[in-house]
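**Q** Okay, predicted coordinates and the sequence, questions at the end:
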Amino acid sequence: MKQIILKRLTMLVLVLLGVTLITFFLSHVIPGDPARMMVGQRASEETLQEVRRQLGLDQPVWVQYLTYMKGLFAGDFGNSIRTQQPVVHDLIAFFPATLELAITAFIIAIAIGIPLGVLSAVKKDTGWDHSSRFFSIAGISTPVFWSGLVGILIFYKFLGALPSSGRLDLTIPPPAKITGLYLLDSLITGNWAAFTNSLWHLILPAFTLAFAQLAIVTRQVRSSMLEVLGQEYIRTALANGIHGPVLLLRYALRNALIPTVTVVGLSFGSLLGGAVVTETIFSWPGMGKYVVDSIAFLDFPAMMGFTFVISFGYVVINLLVDLTYYTLDPQIKE
Amino acid sequence: MSSLSAKANAALPPRKSTLFWFRLRRSPLTLLGLFLLAMLLLLAVCAPLISPHDPTRINIVERFSPPSADHWFGTDEVGRDIFTRILYGARLSLGVGVAVVLSAGLVGTIIGAVSGYFGGRVDQIIMRMMDIVLAFPSLVLAMAVAAVLGPNLQNAMLAIAIIKIPVYVRLARAETLALREKLYVKAAATFGIKPWRIILRHIIPNAVSPVIIQVTLDIGDAILLVATLGFLGLGAQPPTPEWGAMISIGWKYLLDYWWYPTFPGLALFLASCGFNLIGDGIRDILDPKANR
């Protein structure tokens, strides 16, 4: 077990180095002239040279990479062209909103996806199964921005039941900042008005984001449940008179969930990607909306900072998922 | 005599193709996917015959007309017919989705076969590179690449092809590792046939079937990714009748003119759904072991 962890940690370092190579390549090598982009077309040649020198663009590429790495280690992603703030400060400010949205969506996806997958496997080839399969294929086929729009149309415009944008009504002051997660902060400070209001604002974006994840979870749970249910120990359990929920949950689901962990972990990547789009549609003030706003300004420092942070998080999550997998599956112990 | 031969026939296992059609008929969802896709293809090919409107003609007088007998899906902010634009957009989205996935599949298969056949350091380097690409959430990397290359459809396609390649490399490599040990491949090497010829003639043709399943599964996703980049302003640029680009303008008008972003999104959903249903079905049919 220790060996596995050690090996995975070495891999982690290598992959993260690779990630920095790619973000460096994307931000420093491919764009023809970042200095020109920063100063604009009308700047004089002297200004251009000055900016180039300041940015270290007159140095050889490997020196530039070392400088870039030094910056990353110091948490310096450069200044955003759009907000004129250090990208790190921006990302830290927008991070809690994204985290709150992603976690909620993740919980929704698991809470609905697992029972649906079990149902589909138990009632294989019935109407239940067909509709749950159709539902999960529909989930991965629906563009996140479109399900968001349809949600707004139905629940905001026609039913008037849910708000369509932001984290809170304008009339409600945000809760005192402890974690930056409004739900948690308002709960800690006992601020019920803010709690219910932010929950209200969270429902539509979280369900939108969860929809695709839900599909992936349902699919995986269904197929691994089917596999487990066909195994002999299940038959033995049945023969011993164990049936119903005990058989399904304690005997079958526990084992079926092991491969699900991996798939769910991997799907976290599409959750992060989906957050970009969901936040844009719902004007959710998170990192995703921040980066989309940066695109229009060709704000490369902001975009690369975001790309690096998100990928870093994704790699770490995948490592955790793998380690969970090793601990869950007693068969993997060399 | 004749009844005897009939009995003998009945005992024979059915041919593979017969089995394929039999399983296909039993899978209503796959048939639904085929139907969806056939409809979309028909609409895309016959677009000029079906709609009397021009997808790019501006007609300010009729801007934001709600759906009617003349404009089935209404009109947009400069009076273009949305139904017509969706039809022409189908040509674009279907074509682009297929093209991106096929090229990623081709490039990935070749890289994977080379990696698996030569093994050693080449293999190590290639596979670590693929790990790095896979370390990024796909949409995030596609966004970064498309933004750096410059926002247009070609670059969006390139970006999506890049993020799709590693899956094919892994698939083809795994197949190649098994094929490399086959007697006919070893025999070919013994005869002095050059490695590239072995890879092209003996390895790739035999490694291709899992790749084909993956291709059908990926096209729907690629169509969505192209549209998502279009929606974010990183793909096809307006006034191109690309579904994502249409929605990127249209969603700002959602509350007043609901039809504008809704119908292109519906088309996108149906196209992607069609490919996913087929991909899912074909995987089940070709791989009954999967037990789905």
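**A** Nice, thanks for sending it over. Residues are numbered from 1 along each chain as shown, chains lettered A, B, ... in the order given.

**Q** Which pLDDT value goes with residue 53?
**A** The chain I'm using is chain A. pLDDT for A:Arg53: 80.

**Q** sorry, should have said chain B
**A** B:His53 is given a pLDDT of 82.

**Q** How about B:Ile132?
**A** Predicted confidence (pLDDT) for B:Ile132: 89.

**Q** So what touches stretch A:199-206?
**A** For stretch A:199-206, contacts defined as CB atoms under 8 Å, 6 or more residues apart in numbering or on different chains pick out A:100-101, A:104-105, A:108, A:148, A:151-152, A:155-156, A:162-164, A:166-169, A:183, A:278-279, A:281-282, A:284. All C-beta spots, glycine's among them, are computed from the backbone N, C-alpha and C.

**Q** 7 Å instead?
**A** A:101, A:104-105, A:108, A:151, A:155, A:162-163, A:166-168, A:183, A:278, A:282, A:284 (CB atoms under 7 Å, 6 or more residues apart in numbering or on different chains).

**Q** Tell me, how many residues neighbour the closest residue to chain B within the stretch 51-200 of chain A?
**A** Going by CB to the nearest CB, chain B is nearest to A:Trp146 of the stretch 51-200 of chain A, at 3.3 Å. By the criterion of other CB atoms under 10 Å in any protein chain shown, A:Trp146 has 28 neighbours.

**Q** now do B:Arg201
**A** When counting by other CB under 10 Å, one arrives at 12 neighbours for B:Arg201.

**Q** can you give me the end-to-end distance of stretch A:293-306?
**A** 12 Å (CA to CA, to the nearest Å).

**Q** Next: stretch A:177-192.
**A** So stretch A:177-192: terminal residues 15 Å apart, CA to CA.

**Q** and that stretch, which residues are buried?
**A** By neighbour count on 16 or more other CB atoms under 10 Å in any protein chain shown, the buried set for stretch A:177-192 is A:180-187, A:191.

**Q** pLDDT below threshold where in chain B?
**A** B:1-13, B:287-292 (pLDDT under 70).

**Q** Helix or strand: which one has the closest residue to B:Ile223 other than its chain neighbours?
**A** Excluding its sequence neighbours, the residue lying closest to B:Ile223 (CB to CB, 6 or more residues apart in numbering or on different chains) is B:Gly97, at 3.8 Å. B:Gly97 is part of helix B:82-118 when elements are defined by DSSP states H and E.

**Q** Now do that helix: which elements does it pack against?
**A** helix B:28-45, helix B:47-50, helix B:120-134, helix B:153-180, helix B:204-231, helix B:243-250, helix B:259-286 (3 or more CB pairs under 7 Å, 6 or more residues apart in numbering or on different chains; DSSP states H and E).

**Q** Kindly calculate the angle that it makes with helix B:153-180.
**A** Relative orientation of helix B:82-118 and helix B:153-180, computed by axes from the mean of the first three to the mean of the last three CA atoms, to 10 degrees: 40 degrees.

**Q** how about helix B:82-118: buried residues?
**A** B:82-94, B:96-97, B:100-101, B:103-117.

**Q** returning to that earlier point: tell me how many other residues crowd the closest residue to the residue of the stretch 51-200 of chain A closest to chain B other than its chain neighbours.
**A** Nearest non-adjacent residue to A:Trp146, counting by CB to CB, 6+ apart: B:Gly265, 3.3 Å away. Neighbourhood size, B:Gly265 [other CB under 10 Å]: 26.
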